[in-house]
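Student: predicted model, plus sequence, below.
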Amino acid sequence: MKEVRTRFAPSPTGFMHVGNLRTGLYAYLFARKHGGTFILRIEDTDQGRYVEGATDAIYRTLEAAGISYDEGPGKEKEGVIYVQSQRKALYMQYALELIAKGGAYYCFCDKRNVTDGGVGKYDKHCANLSQEEIQANLAAGKPFVIRMRVPETDGVSEYDDLVYGHIAVAYKDMDDMILIKSDGMPTYNFANVIDDHSMGITHILRGNEYLSSTPQYNMLYDAFGWERPCYLHLAPIMRDHEHKLSKRYGDANFEDFVAKGFLPHAIVNYIALLGWSPKGNQEILSMAELEEQFDISGLSQSPSIFDGAKMRWLNAEYIRSMPFEEFATVARPFLAKSKVADLFDNELLLRLAQPRVETLGDIPELLDFLAEYEDYDLQLFNHAKNKTDLAVAARLLPLAIEALKGCEWTNDAILACLSEVALAEGVKKGAMLWCVRIAVTGRAVTPGGASEMALLLGREECLRRLAYSLERL
RNA sequence: GGCCCCAUGGUCAAGUGGUUAAGACACCGCCCUUUCACGGCGGUCACCCGAGUUCGAACCUCGGUGGGGUCACCA
């Protein structure tokens, strides 16, 4: 088999949303799976939509996502230019070549000259001008565009898409699309064909919005006498049943997700599964595993709705399986945004948070209550299962205070100490722990039990809160 | 509107003529437990509709319906 070469060709028109990133990911995985080459090309010919800094966002995103390219800006293969705006001169030459080969023609028509069916198809007015007319117009300096020539016969142009199968479009349904605009610049479609061919792309992965225009691209390849590439059109990622995920519609920006506390690889893992499924039932896949398992047969032909809940779950799985030190490193910046980072032992806070948050951004929300100890509702001491009420609390709290004064300040010691006192008093340890936890936190729900909360608060603060609670009882 | 494509639970999806129609998320219940979370166990929930073909159809064919895409001197 010929060496596989795929490319990802984003436009720097803003941030990179995950749908776009997924296309790049699949192109990357496909190349890796087949031991091929993955190329990055920047399609920046649309200066009107160019967004400052967007090119850097592309590089940053790819890097963070773990998608490395073999050729591209900064990794040039001798003589090849990977930034489209720097390739402008090439296209006109190719267009002229195509005219010579009969696959394209000069068109001197005004922009409005299309068939009147309202469908916007060009009426082929200039398709068969004589050489004399063409030369005369050119000599007169008349503005022109160059259009591709679709046969005027009844044929069809067809190809076999690797994910959708056989696709056929009749010539009569195709337009003589413009290749070179009147300003001499190529249209996106034309530049794409030229670029893909000159970079030796063998497999084109792109959104399925190109599914029905691909026959026209193929006619260009044919007219040049070039070998047609293979195509893998991808079903879109949807926001809901009616809307695609898009830059303008939502916050599906990769970097935003990272800023919210999603781990880059969790995002990559999730989007890999949106529109593609591995052979087995394993859903948590490292990049190496994705590269190994990626296969065309798993690609879906129908759209997938983006499910934030599942991505959160996957992110949580990754967070929970991280070694603590690694978690601490990525989590600290998020902890720093909380109200408690300056108050308590950060390592303890992070150890409590790791198994309980789904995204790093959940950390402040999970812990902030610790900074807000106030006159909580005393009814919290009423707990049927542990057989506690206000009277029990009033009886147990003094014992807890005494015991904790001399207790070693570790989780195990605190737990043992409190249990022992409870036992001596003839109550279950659950009763004691419930009362202590309520007293020191003032909350029914806390991230961790009584001993963990006590450990976190520190002996002094813990005793202070216990005493305060006792006073109120 | 023309043309192209798609259609399995709320969501992601496996499934390619004969299955008790996988698995995951979400949801619900139980267990574990010092609350929560984690974990374990279990449950509810699906083949868009209608005709064919066939002994037999989620799978094949045709027609509907629904949805998406595309019809620019934008990319």
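Tutor: Great, that's in hand.
Student: point out the residues in the stretch 251-400 of chain A that sit beside RNA strand B.
Tutor: Applying CB under 7 Å from any atom of the strand, we find that the stretch 251-400 of chain A lies next to RNA strand B at A:273-277, A:281, A:283, A:297-298, A:300-305, A:307, A:309-310, A:312-313, A:317, A:320, A:355-356. Placement of C-beta: from N, CA and C, glycine included.
Student: are any of those buried, and if so which?
Tutor: By neighbour count, with 16 or more other CB atoms under 10 Å, these hold A:273-277, A:303-304, A:312, A:317 as buried.
Student: low-scoring pLDDT stretches of chain A, where are they?
Tutor: Within chain A, the ranges that satisfy pLDDT under 70 run A:1, A:46-48, A:112-120, A:248-251.
Student: any chance you could map the strands in it?
Tutor: Residue ranges of the strands in chain A, as given by DSSP state E, are A:5-8, A:37-40, A:104-107, A:145-148, A:156-161, A:165-170, A:178-180, A:203-207, A:230-234, A:237-238, A:304-305.
Student: starting at the chain centroid, how far to the third one?
Tutor: Between the mean C-alpha point of strand A:104-107 and the mean C-alpha point of its chain there is a distance of 42 Å (CA atoms, centre = their mean, to the nearest Å).
Student: can I get the CA coordinates of it in CSV?
Tutor: C-alpha atoms of strand A:104-107 as CSV (Å, rounded to 0.1, in the frame of the first residue of the first chain):
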residue,chain,number,x,y,z
ALA,A,104,-11.7,25.0,-17.4
TYR,A,105,-12.4,28.2,-19.3
TYR,A,106,-12.3,32.0,-19.1
CYS,A,107,-15.6,33.6,-18.2
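Student: and that strand, which strands flank it?
Tutor: Strand A:104-107 pairs in its sheet with strand A:145-148 (antiparallel), by DSSP bridges.
Student: does the partner strand reach RNA strand B?
Tutor: Yes: Strand A:145-148 is in contact with RNA strand B by CB under 7 Å from any atom of the strand, via A:Val145.
Student: one more: stretch A:167-182?
Tutor: Yes: using CB under 7 Å from any atom of the strand, stretch A:167-182 reaches RNA strand B at A:167-170, A:173, A:175, A:178, A:181-182.
Student: just the buried ones from those residues?
Tutor: A:167, A:169, A:175, A:178.
Student: which one of these sits closest to A:Glu325?
Tutor: Of all those, A:Ile167 has the smallest distance to A:Glu325: 51.9 Å, by CB to CB.
Student: and the stretch 51-200 of chain A, which residues reach RNA strand B?
Tutor: By the rule CB under 7 Å from any atom of the strand, the part of the stretch 51-200 of chain A lying against RNA strand B is A:84, A:109-111, A:114, A:119-121, A:143, A:145, A:164-170, A:173, A:175, A:178, A:181-183, A:185, A:187-189.
Student: what about the helices in the stretch 251-400 of chain A?
Tutor: Taking DSSP state H, counting those that start in this stretch, the helices of the stretch 251-400 of chain A run over residues A:254-259, A:264-272, A:287-293, A:308-321, A:324-335, A:346-353, A:363-367, A:390-405.
Student: highest mean neighbour count out of the ones you listed?
Tutor: Sort those by mean neighbour count, taking mean count of other CB atoms under 10 Å, and helix A:264-272 sits at the top with a mean of 22.
Student: so what touches that one?
Tutor: A:18-19, A:21-22, A:25-26, A:29, A:64-67, A:237, A:254, A:257-258, A:283-287, A:290, A:294, A:310-311, A:314-315, A:317-318 (CB atoms under 8 Å, 6 or more residues apart in numbering).
Student: now the stretch 151-300 of chain A against RNA strand B: closest residue?
Tutor: A:Tyr188 (2.9 Å; CB to the nearest atom of the strand).
Student: surely that residue touches A:Asp44?
Tutor: No: counting by CB atoms under 8 Å, A:Tyr188 sits too far from A:Asp44 to count as a contact (11.2 Å).
Student: looking at the two, which is more packed in?
Tutor: Remark: of A:Tyr188 and A:Asp44, A:Asp44 carries more neighbours, 18 against 13, as counted by other CB atoms under 10 Å.
Student: how close does that one sit to A:Gly207?
Tutor: 19 Å (CB to CB, to the nearest Å).
Student: same check on A:Gly298?
Tutor: A:Gly298 is 18 Å from A:Gly207, by CB to CB.
Student: and what of A:Ala403?
Tutor: 66 Å.
Student: A:Leu274 too?
Tutor: Computed with CB to CB, the distance linking A:Leu274 and A:Gly207 is 13 Å.
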